[in-house]
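**Q** Coordinates for the following, if possible.
(one chain, ligands or ions: 1)
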Amino acid sequence: RVGALGGSRAVGVGRDFGELRLGAVMLVGDSGVGKTCLLVRFKDGAFLAGSFISTVGIDFRNKVLTVDGVKVKLQIWDTAGQERFRSVTHAYYRDAHALLLLYDVTNKASFDNIQAWLTEIHEYAQQDVVLMLLGNKVDSAQDRVVKREDGEKLAKEYGVPFMETSAKSGLNVELAFTAIAKELKHRSMKLPNEPKFKLHDYVKKEVRGSGCCRS
Ligand SMILES: Nc1nc2c(ncn2[C@@H]2O[C@H](COP(=O)(O)OP(=O)(O)OP(=O)(O)O)[C@@H](O)[C@H]2O)c(=O)[nH]1
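**A** The predicted structure is shown next:
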């Protein structure tokens, strides 16, 4: 299943094609925060237990949403959180119209690293990129180490919208992507760039541990 869409190109991302608007959304954040699971939940409505397959490089899926009567096709890029793939993901920032920046509410380090991610975003992404901060895995209430208020405070500090999500239960997943789609619906005509990437170079995956959303 890995790289099923690899090799195709996103033509006209960010352009206005009549009623269909197109936008590229990139998922970023530390390894293991749940980026792939969030995408699988959004795209397939599933959370599959199995082995933790860490993303290598970048993968993507498309999904069309209807917001306020307008169809918005999101091309969602799932990036590798691991440090060793950072140079690969850097190259994709400039083509992203929106970024979902994730941390894991059960992993303090992933929250502490958000500032570093924001610095990276500032350096590599478009200035007017749509950005949202997500605290994922809120279903794991007993393991939570990052309070909701801390997430809210950080988001406020940086002026970005914030939500807590669960790829496992589905909480707020559709809502987060819909909020992004709404923003892109308004902004899409101002974002005329087309991504120049070759996904098939990067869409391999590797098995890294246990307990994941993929079978
Ligand atoms: N309880 C719970 N576990 C989750 C959730 N989302 C992801 N996980 C688990 O967290 C682990 C990592 O999930 P991934 O989606 O592969 O993480 P990732 O951010 O894509 O990781 P990289 O590909 O290495 O960057 C897996 O074991 C998942 O089962 C969630 O919402 N709740």
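**Q** just for the protein, where's the confidence low?
**A** 1-19, 49-52, 57, 187-215 (pLDDT under 70).
**Q** switch the cut-off to 50
**A** Along the chain, segments meeting pLDDT under 50 span 1-13, 16, 189-212, 214-215.
**Q** Show me which helix runs longest in it.
**A** Across the chain, the longest stretch assigned as helix under DSSP state H is helix 173-187.
**Q** ok, which residues in this protein are in contact with the ligand?
**A** When proximity is defined as Cβ under 6 Å from any ligand atom, the chain approaches the ligand at 31-37, 52, 54-55, 80-82, 136-137, 139-140, 166-168, 211-213. All C-beta atoms are positioned from the backbone trio N, CA, C, and that covers glycine.
**Q** Filter those down to the buried ones, PyMOL style.
**A** Only the buried entries of the residues of the chain next to the ligand go into this PyMOL selection, using 16 or more other Cβ atoms under 10 Å:
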select buried, resi 31+32+33+34+35+36+37+52+54+55+80+81+82+136+137+139+166+167+168+212+213
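**Q** before we move on, the earlier item: helices or strands next to the longest helix of the chain in the packing?
**A** For helix 173-187, the packing partners by 3 or more Cβ pairs under 8 Å, 6 or more residues apart in numbering; DSSP states H and E come out as strand 20-29, helix 35-44, strand 58-67, strand 70-79, strand 98-104, strand 130-136, strand 162-164.
**Q** Distance to A155 for these - can I get that in CSV?
**A** CSV is the format used below for those (distance: least, Cβ to Cβ, whole Å):
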stretch, distance to A155
strand 20-29, 14
helix 35-44, 17
strand 58-67, 22
strand 70-79, 20
strand 98-104, 10
strand 130-136, 5
strand 162-164, 3
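**Q** quick one, which of these is nearest to V173?
**A** Of all those, helix 35-44 sits nearest to V173, with 5.0 Å by Cβ to Cβ.
**Q** Would you mark the buried spots in the closest one?
**A** Applying 16+ other Cβ under 10 Å to helix 35-44 flags K35, T36, C37, L38, L39, V40, R41, F42, K43 as buried.
**Q** Relative to A109, which of these is nearest.
**A** K35 (15.7 Å).
**Q** Could you pull up phi and psi at L118?
**A** phi -70, psi -40 (degrees, to the nearest 10).
**Q** what's the nearest residue to it if we skip its chain neighbours?
**A** Nearest non-adjacent residue to L118, counting by Cβ to Cβ, 6 or more residues apart in numbering: Y158, 6.1 Å away.
**Q** Would you mind measuring from the one you found to G170?
**A** Per Cβ to Cβ, to the nearest Å, Y158 is found 26 Å from G170.
**Q** Pick out the residue closest to the middle of this protein.
**A** For the chain, the residue nearest the mean C-alpha position is L27 (2.0 Å; Cα atoms, centre = their mean).
**Q** Kindly confirm whether my reading is correct that that one touches L38.
**A** Yes - contact criterion Cβ atoms under 8 Å: L27 and L38 qualify, at 6.5 Å.
**Q** Overlap in contacts, those two.
**A** Residues touching both L27 and L38 by Cβ atoms under 8 Å, 6 or more residues apart in numbering: L100, L102.
**Q** D143 - how many residues pack around it?
**A** A count of nearby residues for D143, using other Cβ atoms under 10 Å, gives 11.
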